[in-house]
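Model the structure of this input:
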Amino acid sequence: MDIVSVALKRYSTKAFDPNKKLTAEQAEKLKTLLQFSPSSTNSQPWHFIVASTEEGKARVAKSAAGGFVFNERKMLDASHVVVFCAKTAMDDAWLERVVDQEESDGRFATPEAKAANHKGRTFFADMHRKELKDDNHWMAKQVYLNVGNFLLGVAAMGLDAVPIEGFDAAVMDAEFGLKEKGFTSVVVVPVGHHSVEDFNAALPKSRLPLETTLTEV
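Presented below is the predicted three-dimensional model:
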């Protein structure tokens, strides 16, 4: 199956079959998708919580109480639930950590190449944290790049998923102590196999026509 076919086939799952679980191999591939997503300047300003146990999913589902209770079953019934978290502030220590990892992975032929790479990434980080003062929004955008990559990837694996913003981030952050670690929850993505009760599985996809959303020049 080519990637365009995957994009045409995937959809947002509304109900999961709690009896169908990911294999161990599929679960490992989820982690690979998360780790190798693109991000601006390879800044990777994120952290992920992957819940696959009943206890873990119940902790995530606490964030769906009250006004978001309609999303609770998705979190509880899916095989795995991924919480996408963004850094709350871009700090120098993180930038150093990224460039040191790149060096360890063999991306630099010389110390000068490493220094130039670090200078370039710091330029963009400073633009957002010092000039525009929107580094939290900039980092959240990088997390959304990961979400898009992840949704297409899990669909290519033959799995079902749904991105959820309808949850209480304050509850989620408190449950996992995210603020103290310098992160905040942004999106929740349950992954598994859809249920026969999933009405959305049989509906045709609907998008605005290209003449509305695309300009060729």
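
mind checking the longest strand of this protein?
Ranked by residue count, the top strand of the chain under DSSP state E comes out as strand 183-192.

hmm, who's touching the next helix or strand after it?
Sequence-wise, the next helix or strand downstream of strand 183-192 (DSSP states H and E) is helix 210-213. With contacts defined as C-beta atoms under 8 Å, 6 or more residues apart in numbering, helix 210-213 is touched by Arg207. Every residue, glycine included, has its C-beta placed from N, CA and C.

Can I get helix 210-213 in PDB, CA atoms only?
C-alpha atoms of helix 210-213 as PDB (Å, rounded to 0.1, in the frame of the first residue of the first chain):
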ATOM      1  CA  LEU A 210      -8.800  21.400  -4.100                       C
ATOM      2  CA  GLU A 211      -9.900  24.500  -5.900                       C
ATOM      3  CA  THR A 212     -10.800  25.900  -2.500                       C
ATOM      4  CA  THR A 213      -7.700  24.900  -0.600                       C
END
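
what's the spacing between Trp138 and Ser37?
16 Å (C-beta to C-beta, to the nearest Å).

Give me the helices and strands touching the biggest helix by length in the chain, please.
Longest helix in the chain by number of residues (criterion: DSSP state H): helix 135-156. Helices and strands touching helix 135-156, by 3 or more C-beta pairs under 8 Å, 6 or more residues apart in numbering; DSSP states H and E, are helix 3-9, helix 24-35, strand 46-51, strand 80-87, strand 160-161, strand 183-192.

Fine by me, thanks again.
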